[in-house]
Structures are given as C-alpha cells and as structure tokens.
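> Following is a predicted model, sequence given first.
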Amino acid sequence: MTRFKALLVPLALAGLLACTGRAERCWVCDREIHARVRATLTLAGGRTVSACCPRCALHYKDDPKNRVGAMRVTDYRSGATLPFEKAFLVEGSDEAPCMHHPPVVDETRAPMQVCYDRCLPSLIAFGDEAGARAFMADHGGSLHPPGSLTSLPAASP
C-alpha cells in the first residue's frame, strides 16, 4: 500500500499542475499571447506588462491617459526582442496570430462576422528588412521601416 501511495502522490501532483497551467494572456485585451508576436510595454512607473501583438500594444500606448515608457517587440523569425522603434513592421499580411481562436458564434451556433478587431490588420515585427521582405513575399502586407509607425491612424467614424 505504501508503494501505491508513493506512486499516486507524484501522479496527482503532476495532474494538478497540468490542469492549472494557463497560457499567458495579454495585459491589454486578455487574448492568449503567441511568443512570435509578443510585445512588452514598460509603464511609466517601471512595471513591465505583456501584450499579444505590437498593434494591441500601440492601441494601449495611443490612449492619452496611459503613460508608456518603452515598447519592445519580438522578431517574428528569431524570437529575439528589440525596441519597437528599431523594428521593421509588416502590416496587413495574411498571417494573423491573434485570430487563432475558435470563431465567435451566436445562439444558433452560426459564426458571427468580425466587424472590428483591435489586433487587425496584423502588425508583425522583424529585426531586419530582409526578413520582413521574405515574409511579405509569402504572406503579403506592407512594410513600415523602423520609426515610421509611431501611433495608429485615428479610427474613422
């Protein structure tokens, strides 16, 4: 019986830990964070928080009541982080990592059309122009050189 208990306790602990493991969530919109498009905001008080993508981080930064000290983004190809202002950004490609979730459905289970999504069009960061252009050759989009996209365009009425 003691041998059985010795096996049961580690198995129960492993099961409990597996059940409590939750994907990291965006501090801004609460979506799951995908490592290849993660953005990090350093708030004015020094606290660092993670966002699901550069676009979501820009939405937060653009709100006048939010004070953001710095933004870092993840190079889609290498996984390295770099300052937002040094990144080559591809906007509007067919790759939309934030949208990899089950479709929203109505009460009849019919898929609902997306009219607005804060993470669209996608905004994907690269550490070098060659990497961004190679990605665009496969996925489309338009290129923003480093420092050229400092805020998002105002929403139209």
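Thanks, I have the structure now.
> Please count neighbours and contacts with C-alpha atoms only from this point.
Noted.
> Please work out how many residues are found near residue 66.
Residues lying near residue 66 (other CA atoms under 10 Å) number 11.
> which residues touch it?
Listed by CA atoms under 8 Å, 6 or more residues apart in numbering, the contact set of residue 66 reads residue 60.
> Excluding chain neighbours, what is closest to residue 61?
Once flanking residues are discounted, residue 61 sits nearest to residue 68: 5.9 Å by CA to CA, 6 or more residues apart in numbering.
> what do you get for residue 96?
Setting aside the residues directly before and after it, residue 96 is nearest to residue 122 in space (CA to CA, 6+ apart), at 5.4 Å.
> Isn't that neighbour up against residue 95?
Yes: between residue 122 and residue 95 there is a contact under CA atoms under 8 Å: 7.0 Å.
> neighbour-wise, which of those two wins?
residue 122 (25 against 19).
> Now do the lengthiest strand in the chain, average pLDDT.
Looking across the chain with DSSP state E, the single longest strand is strand 68-74. For strand 68-74, the per-residue pLDDT values average out at 93.
> for stretch 150-157, same thing?
Throughout stretch 150-157, pLDDT has a mean value of 61.
> do stretch 84-93 as well
With pLDDT averaged residue by residue, stretch 84-93 scores 93.
> Give me the buried positions along that stretch.
By 16 or more other CA atoms under 10 Å, the buried positions in stretch 84-93 come out as 84-93.
> ok, so of those, who is nearest residue 134?
Residue 134 has its nearest neighbour among these in residue 90, at 10.8 Å by CA to CA.
> Can you name the next helix or strand after the lowest-mean-pLDDT helix or strand in the chain?
Taking mean pLDDT, DSSP states H and E as the measure, helix 2-20 is the helix or strand of the chain with the lowest mean score, a mean of 48. Proceeding C-terminally, helix 2-20 gives way to strand 39-43 as the next helix or strand, assigned by DSSP states H and E.
> Just the C-alphas of that next one, formatted as CSV.
Once side chains and other backbone atoms are set aside, the C-alpha atoms of strand 39-43 remain, and they are given as CSV (Å, rounded to 0.1, in the frame of the first residue of the first chain):
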residue,chain,number,x,y,z
ALA,A,39,5.1,43.0,-27.3
THR,A,40,6.2,44.3,-24.0
LEU,A,41,5.2,47.7,-22.5
THR,A,42,7.2,49.4,-19.8
LEU,A,43,4.7,51.6,-18.0
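> I appreciate the help and will end here.
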